[in-house]
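Asks: I'd like to go over a predicted model; first the sequence, then the structure.
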Amino acid sequence: MDNNYKGMAVGVFELDNLVACFVALDAASKAANVRIQSVERNRLKSGACVKMRGSVSDVNAAMEVALEAAKPLGKVVSHTVIASPSEDTEIALKMTINK
């Protein structure tokens with residue numbers, strides 16, 4: 001996978017259920033031109049955090065669809081879109097948390 005996301009917006013959502021995360025990221029990737037950067041398990045019982053990249057409009061559209069798809073399957077813990085991540089933020093976004 002190409003890890004060059006320079007100039008791309010980032011959308012991040014966290015759900016309390018890993019299955020809901022996969023359903024949501026599938027819906028997001030079908031709804032808009034986004035690339036899934038990573039899926040990381042969170043410290044909740046069985047949840048995960050998904051990072052997706054693309055243009056601001058594509059990430060916003062994908063986020064909306066992802067959260068709607070996740071609603072029947074799990075709880076949305078948090079979500080955000082960063083239109084233009086700083087270089088320091090990009091470094092942090094590349095880190096993977098394995099817990």
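Replies: Yep, it's here.

Asks: buried sites along the helix or strand that Leu67 is a member of?
Replies: Secondary structure from DSSP states H and E places Leu67 in helix 56-70. Buried residues in helix 56-70, counted by 16 or more other Cβ atoms under 10 Å: Asp58, Val59, Asn60, Ala61, Ala62, Met63, Glu64, Val65, Ala66, Leu67, Ala69, Ala70. From N, CA and C alone the C-beta is placed, and that goes for glycine too.

Asks: which one of those is nearest Leu25?
Replies: Ala66 (6.5 Å; Cβ to Cβ).

Asks: show me what contacts that closest one?
Replies: Ala66 makes contact with Gly11, Phe13, Ala24, Leu25, Ala27, Ala28, Ala31, Val50, Met52, according to Cβ atoms under 8 Å, 6 or more residues apart in numbering.

Asks: Check those for burial and list the buried ones.
Replies: Using 16+ other Cβ under 10 Å, the buried ones in these are Gly11, Phe13, Ala24, Leu25, Ala27, Ala28, Ala31, Val50, Met52.
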